[in-house]
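Asks: starting from these lines, generate the structure:
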Amino acid sequence: MALDISIRTTRETDKLLKEMPGMVRKGLVNAMNKVAKDTEEYAKKSFGKSGRPNTITGRLRDSIKGSASKRVNSLVVTLSSDLIYSRIQEEGGTIRAKGGGYLTFPIGGDWVKVKSVRLPARPYLRPAIQDNLTKIEKTLTDSIWKEFERS
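Replies: As a prediction, the model looks like this:
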């Protein structure tokens, strides 16, 4: 499961970015790396809060990674988890037993068998981006201006 924050560019913008003084490019790179780190931290800190996944083993929380990259016509921050159950935690859904069998799990000291179970959405990646859009914009602007002030 991965979500991206993209700053789309045109060919003309890409050309300008290549021609920009190193300080501006450095400011953009620093900003994108900071946004990746900040959104990763926010997502991890949200676990256990209302509407978010609980932490039992910490595997899902610890699997969250933020990264920045340059792609064709865009600068991208990706927030992701590579665990197989990350998507169902984020979006919710139904888990069904394979081959006509049962899902078996403990509830209150008893073992329960069911054919399927419905998990509610417990988003943790999207809110890390949505709740921080203003901060992300400020980080981008501040990083670029900081590089201009240094020159």
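
Asks: in the chain, where is pLDDT below threshold?
Replies: Counting by pLDDT under 70, the chain has low-confidence residues at 2-10, 13-25, 72-73, 148, 151.

Asks: tell me where it has strands.
Replies: 2-8, 65-71, 74-80, 93-96, 103-107, 110-114, 116-119 (DSSP state E).

Asks: winner for burial among those?
Replies: strand 74-80 (a mean of 20; mean count of other Cβ atoms under 10 Å). For the C-beta atoms, the positions are set from N, CA and C on the backbone; glycine is no exception.

Asks: that strand packs against which elements?
Replies: If contacts are counted by 3 or more Cβ pairs under 8 Å, 6 or more residues apart in numbering; DSSP states H and E, strand 74-80 sits against strand 2-8, helix 22-45, strand 65-71.

Asks: related to what we said a few turns ago, which one of the strands of the chain lies nearest to Leu133?
Replies: Across the strands of the chain, Leu133 has its closest neighbour in strand 2-8 (8.8 Å, Cβ to Cβ).

Asks: using JSON lines, please lay out the helices and strands packed on strand 74-80 together with distance to Pro123.
Replies: Formatted as JSON lines, the helices and strands packed on strand 74-80 follow (distance: least, Cβ to Cβ, whole Å):
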{"stretch": "strand 2-8", "distance to Pro123": "10"}
{"stretch": "helix 22-45", "distance to Pro123": "10"}
{"stretch": "strand 65-71", "distance to Pro123": "16"}
